[in-house]
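Visitor: okay, here's the prediction I keep looking at, along with the sequence it came from:
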Amino acid sequence: MATILEHPASPPEVDTRPVRAARRGPARRTTYVVVGLSALLLFAFAARVLLGDFTYTVSDFFRILFGDELASVPGARYILMEEKLPRAVLAVLVGVSFGLGGAIFQTTLRNPLASPDIIGVSFGASACAVIAIVVVGLSDSWVALSAVGGAIVVSVIVRLVAGQDNGYRLVLVGIGLAAALQSVVQYVFTRADEYDMQKVLLWLVGSVSRANWEMIRVIALVLVVLVPLTAWLASSLRITELGSDTAAGLGVPAIRGDLLLLLAVVLVAVGVAGAGPVAFVSFLAGPIARALNRGRTTLLGAALVGAVIVLAADYVADYLILDINFPVGVVTGAFGAPFLLWLLATGRTGRRA
């Protein structure tokens, strides 16, 4: 008798529509956040370029941009092309550098206080830049390279001393090192002559008033290389957020997170090289972007928030505070310090936060 082989029953089909819908929701939210922040950045850029002591219409802006001088306004082309526009472009580049670098620090180290402002990276860049200006007498390009080198050295020292601890030990080591570097800066500042004092003050406070097209080309070229590389390494950022042990168990090597942190240090150093240590931009951009995205990390959102903060703060510092032109770092510091106090007062600084 022939044996009849019964085929096993096929497994029931699983309805995956709820899973797909759950994934589409956060993705849609992220898209809305990025589009909204892009529109806000465009508005802030237009306000910074077109408004102020000398106002331009949109048609005037494009006429001057493509080489046509306005006969009715003497010096209109110089004011736009050598003052307003490079300052706005530099503010965007610096804001992107700070916002992106700060968000990577806070996300990878899983600590909202692990910002380059707090753990001494910005102070390291500033100290080396001040020494290069006052002691060595280097030019702007070499000062910028010194700032990048200082940021990298300080970040390595903080990491080595703090070990694998990403909590309060890391923050306290960074604060201690920042205090030591601040003492060095103050000593060097007392040895500076009157001309160097003004340059040093711009570095210490943070300002985009030194903007020129040569500096912008260099920073833009560096960002063209760093941003895509950061995006590639950050593809596993959500797994890295779970911790080094969990990430290694899921197939993400620890070296990937270390390289991402190194890129974040270089990004922040590039921002410091362009405008000095603009206070609290890297500290504010990440949390604001996460809040807009309902607690989910978005590096692109953080970069856009950083650019909007620097642009808006520069406009406020230049035109809306009395009749004095303040450096942009004065305004960002005034807004960032209360936010830091709020984080500390509400206890949102531990691993659970």
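Guide: On my side now, so go ahead.
Visitor: contacts and neighbour counts: CA atoms only from here.
Guide: OK.
Visitor: now do the SS call for Ala192.
Guide: Under DSSP: H, G, I helix; E, B strand; the rest coil, Ala192 falls in the coil class.
Visitor: next, the contact list for it, please.
Guide: For Ala192, the contact set (CA atoms under 8 Å, 6 or more residues apart in numbering) comprises Val134.
Visitor: ok, it to Ser207 distance?
Guide: Distance, Ala192 to Ser207, by CA to CA, to the nearest Å: 19 Å.
Visitor: quick one: pLDDT of Ala302?
Guide: For Ala302, the pLDDT comes out at 91.
Visitor: against Leu181, how distant is it?
Guide: Noted for Ala302: a distance of 28 Å to Leu181, by CA to CA.
Visitor: so between those two, which is more surrounded?
Guide: Here Ala302 and Leu181 are compared on neighbour count by other CA atoms under 10 Å; more neighbours surround Ala302, at 32 against 20.
Visitor: just checking, next helix/strand downstream of whichever helix or strand that one is part of?
Guide: Per DSSP states H and E: Ala302 is located in helix 299-315. For helix 299-315, the succeeding helix or strand toward the C-terminus, using DSSP H and E, is helix 328-346.
Visitor: tell me what angle that next one forms with helix 299-315.
Guide: 120 degrees (axes from the mean of the first three to the mean of the last three CA atoms, to 10 degrees).
Visitor: show me what helix 328-346 is packed up against.
Guide: Judged by 3 or more CA pairs under 8 Å, 6 or more residues apart in numbering; DSSP states H and E, the packing partners of helix 328-346 are helix 194-205, helix 281-292, helix 299-315.
Visitor: buried deepest among those, which one?
Guide: Across the helices and strands packed on helix 328-346, averaging neighbours per residue (mean count of other CA atoms under 10 Å) puts helix 299-315 on top, at a mean of 28.
Visitor: from the chain's centre, how far out does it sit?
Guide: In this view, helix 299-315 has its centroid 8 Å away from the chain centroid, taken as CA atoms, centre = their mean, to the nearest Å.
Visitor: which strands and helices sit next to that helix?
Guide: Counting by 3+ CA pairs under 8 Å, 6+ apart, the packing neighbours recorded for helix 299-315 are helix 17-50, helix 85-108, helix 281-292, helix 328-346.
Visitor: center of this protein - which residue?
Guide: Note on the chain: the residue nearest the mean C-alpha position is Phe98, at 1.5 Å, using CA atoms, centre = their mean.
Visitor: show the contacting residues for that one.
Guide: Contact analysis of Phe98 by CA under 8 Å, 6+ apart lists Leu267, Val268, Gly271, Val281, Ser282, Ala303, Gly306.
Visitor: and of those residues, the nearest to Ile175?
Guide: Ser282 (15.9 Å; CA to CA).
Visitor: the closest one against Gly99, yeah?
Guide: Yes - Ser282 lies in contact with Gly99 (CA atoms under 8 Å); the separation is 4.8 Å.
Visitor: quick check: neighbours shared by the two?
Guide: Listed contacts common to Ser282 and Gly99 are Gly306; contacts here mean CA under 8 Å, 6+ apart.
Visitor: next up, the contacts around Ile175.
Guide: Taking CA under 8 Å, 6+ apart as the criterion, Ile175 is in contact with Ile118, Ile119, Gly120.
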